[in-house]
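Student: Below is the structure, and that's it, no one-letter string:
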């Protein structure tokens, strides 16, 4: 596949995170000639927080992570690409158990401190032998780079995704994958965030939950929520700081801001890699009766195939935005709604704005960074959702995904 036209110029230079060792393997689970299995190992003091898909058909790996995360401790995370290990019944459960048992023996650690993620085709049993062969030979696997790790977790991604933030005494680094089946709760996406700071498990959980809600849960490519979505935050406690234990800690604001910065950067990269995307779109809704109502309307606009195809065609067909506002189900008054595309005001008081120029609106749509703004005039609620356009490329990618 061609690299998305919205891709960053290059993969960023990411700092090391003390205590984190990366390895990648070419296990041949679906892909060949590239790494498709990622492993990060961490020291004994590592804490963890995580959020997972709300799908009622969650994968065996998600079930495993949910079952162990209450301990708040971690020693490793492993992720494969090409096979989601979802809707695989008892075989899927057995695959996860074989994976953590193999790793536990290789690393001499408790399998209940090994987090597992999978992404790829749903409904196909995992090749346990290939997985165990790779993970059983850790001594032969050299230490990997962030770039190799980010590559190993990709499926239909056209570019690899990484981000970092620095704060006094430590770093926060994240990698993610995602391109299609992207919608809230959380998107088809996986995200692994690491810091060398000492952070309690409860503080990790709070930080990653808050960051996810304001980043990964604010993106959509196609309105479809995956079976496998997982975001994990690991803190290795190697920086020597007084452990950050929650919002009352003096370092909390800087730490939580850094986690959010990394997550938002990764979330935006996922949208920029939306399957077939040519436009990065922010849908901003203000003046709603509540933030929740604003998000409902913004999501209705961002998920609409009619809106997304119009923006792909660089056509300011704003009637489709009106449609999406009206169908959302949140409070809206037709005669108060004002709509902008970029800086061009389109509607006012329930009709076309007197100074509206379709040529100016279309000129904004010719760029690859699009803003659609709605003012409802009902209250103080606001929300932004980030999405992309819908092109024929989306059909081509998904029609041939298993071929």
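Tutor: Yep, that arrived. Values in this document were obtained by computation on a predicted structure and should not be read as measured data. Numbers count the residues shown, from 1 in each chain.

Student: so where's the stretch 151-300 of the chain shaky on pLDDT?
Tutor: 179-188, 222-227 (pLDDT under 70).

Student: Now do the strands in the stretch 101-250 of the chain.
Tutor: Applying DSSP state E, counting those that start in this stretch to the stretch 101-250 of the chain gives strands spanning 114-121, 161-167, 170-177, 190-195, 230-235.

Student: Save these as JSON lines, and put in mean neighbour count and distance to residue 313 too.
Tutor: Placement of C-beta: from N, CA and C, glycine included. JSON lines is the format used below for the strands of the stretch 101-250 of the chain (neighbours: other CB atoms under 10 Å; distance: least, CB to CB, whole Å):
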{"stretch": "strand 114-121", "mean neighbour count": "25", "distance to residue 313": "31"}
{"stretch": "strand 161-167", "mean neighbour count": "21", "distance to residue 313": "28"}
{"stretch": "strand 170-177", "mean neighbour count": "26", "distance to residue 313": "29"}
{"stretch": "strand 190-195", "mean neighbour count": "29", "distance to residue 313": "32"}
{"stretch": "strand 230-235", "mean neighbour count": "29", "distance to residue 313": "34"}
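
Student: Now tabulate those in JSON lines and tack on distance to residue 28.
Tutor: Below are the strands of the stretch 101-250 of the chain laid out as JSON lines (distance: least, CB to CB, whole Å):
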{"stretch": "strand 114-121", "distance to residue 28": "13"}
{"stretch": "strand 161-167", "distance to residue 28": "23"}
{"stretch": "strand 170-177", "distance to residue 28": "18"}
{"stretch": "strand 190-195", "distance to residue 28": "20"}
{"stretch": "strand 230-235", "distance to residue 28": "23"}
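
Student: Nearest approach to residue 330 belongs to which of those?
Tutor: For the strands of the stretch 101-250 of the chain, the distance to residue 330 is smallest for strand 230-235, at 26.9 Å, taking CB to CB.

Student: mind listing what that closest one pairs with, with the direction of each?
Tutor: Here strand 230-235 has these sheet partners by DSSP bridges: strand 47-52 (antiparallel), strand 190-195 (parallel).

Student: and the closest residue to residue 33 other than its chain neighbours, what does it touch?
Tutor: Distances taken as CB to CB, 6 or more residues apart in numbering place residue 26 nearest to residue 33, at 7.3 Å, with adjacent residues excluded. Going by CB atoms under 8 Å, 6 or more residues apart in numbering, residue 26 touches 32-37.

Student: One more pass at 7 Å, please.
Tutor: 34-36 (CB atoms under 7 Å, 6 or more residues apart in numbering).

Student: which one of the strands paired with strand 230-235 lies closest to residue 137?
Tutor: strand 190-195 (22.2 Å).

Student: and the angle from the closest one to strand 170-177?
Tutor: Interaxial angle, strand 190-195 versus strand 170-177 (axes from the mean of the first three to the mean of the last three CA atoms, to 10 degrees): 170 degrees.

Student: Contacts for strand 190-195 next, please.
Tutor: Contact with strand 190-195 is made by 17, 20, 40, 77, 79, 117, 119, 153, 170-177, 208, 216, 230-235, 259, 262-263, 266, as judged by CB under 7 Å, 6+ apart.

Student: quick one on the thing from earlier: now render the strands paired with strand 230-235 as CSV, adding distance to residue 113.
Tutor: CSV is the format used below for the strands paired with strand 230-235 (distance: least, CB to CB, whole Å):
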stretch, distance to residue 113
strand 47-52, 9
strand 190-195, 15
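
Student: Indicate which one of those strands is closest to residue 132.
Tutor: Shortest distance between residue 132 and those, using CB to CB, is found for strand 190-195: 21.4 Å.

Student: what angle sits between the closest one and strand 161-167?
Tutor: 20 degrees.

Student: tell me how far strand 190-195 is from the chain's mean position?
Tutor: Distance of strand 190-195 from the chain centroid (CA atoms, centre = their mean, to the nearest Å) equals 10 Å.

Student: For the contacts of residue 26, I'd like a selection string for ChimeraX - just the buried members, please.
Tutor: Buried members of these, defined by 16 or more other CB atoms under 10 Å, are picked up in ChimeraX with:
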select :35,36
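
Student: Can you tell me which of the contacts of residue 26 is closest to residue 355?
Tutor: Looking across the contacts of residue 26 and measuring by CB to CB, the closest to residue 355 is residue 34, at 53.5 Å.

Student: confidence score at the closest one?
Tutor: At residue 34, the model reports a pLDDT of 92.

Student: Doesn't it lie inside a helix?
Tutor: No - going by DSSP: H, G, I helix; E, B strand; the rest coil, the assignment for residue 34 is coil, not a helix.
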